[in-house]
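Asker: Sequence first, then the predicted structure, then my questions.
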Amino acid sequence: MMDYLIIIVTGMVGATLTFYVSAQLKQGRVRASALLSLLVSLFFYCFPEVLNDFLTKSIPLVFIGTSFIGMVTSSAKTSYVRLAVAGGLFSIVYLNRSQFFDGYGGALGALAFIALLTTLTFSELLLRKTKFLAGVAMLKKFFSKTNP
């Protein structure tokens, strides 16, 4: 149980820390994600005995996946709380994933996209108390703005 809590906290920290380094320290989204993921992965590569095998293998993967969430643009009206929730959601889904998808590429990025999109949509629906169709219209407007 404690291992799962550590994974969830790792996901929350990974998303928010990447966004912080990207937006506040002006390092860019890709550089922030790559640098932080490299540091976490190198730490567990050099010191594999610090934690148990499950955490040593899972923390770098979860951190890399949630760093994709932290790469969201600052114009998407995100907050650190929303990013932390998306990172936590990513971690929960990661912990409950099926072994069916082992070996398929792009799983971390796809899961990060789903977690972020779900969090942003539901937070908009809850905070603005809009109807579901208004949330769908908001998503259409967002995607039409980013993809000309």
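Answerer: Received, thanks.
Asker: contacts and neighbour counts: CA atoms only from here.
Answerer: OK.
Asker: Show me the helices in the chain, by range?
Answerer: Remark: helices assigned in the chain by DSSP state H are 2-23, 29-46, 53-70, 80-95, 107-128, 132-146.
Asker: Rebuild those as JSON lines, extending it with mean neighbour count and mean pLDDT.
Answerer: Shown next, in JSON lines, are those (neighbours: other Cα atoms under 10 Å; pLDDT from 0 to 100):
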{"stretch": "helix 2-23", "mean neighbour count": "22", "mean pLDDT": "95"}
{"stretch": "helix 29-46", "mean neighbour count": "16", "mean pLDDT": "96"}
{"stretch": "helix 53-70", "mean neighbour count": "24", "mean pLDDT": "94"}
{"stretch": "helix 80-95", "mean neighbour count": "22", "mean pLDDT": "92"}
{"stretch": "helix 107-128", "mean neighbour count": "17", "mean pLDDT": "82"}
{"stretch": "helix 132-146", "mean neighbour count": "12", "mean pLDDT": "67"}
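Asker: From F143, how far off is I64?
Answerer: 24 Å (Cα to Cα, to the nearest Å).
Asker: Likewise for R82?
Answerer: When R82 is compared with F143 (using Cα to Cα), they lie 19 Å apart.
Asker: ditto for I59
Answerer: Separation of I59 from F143 (Cα to Cα) stands at 31 Å.
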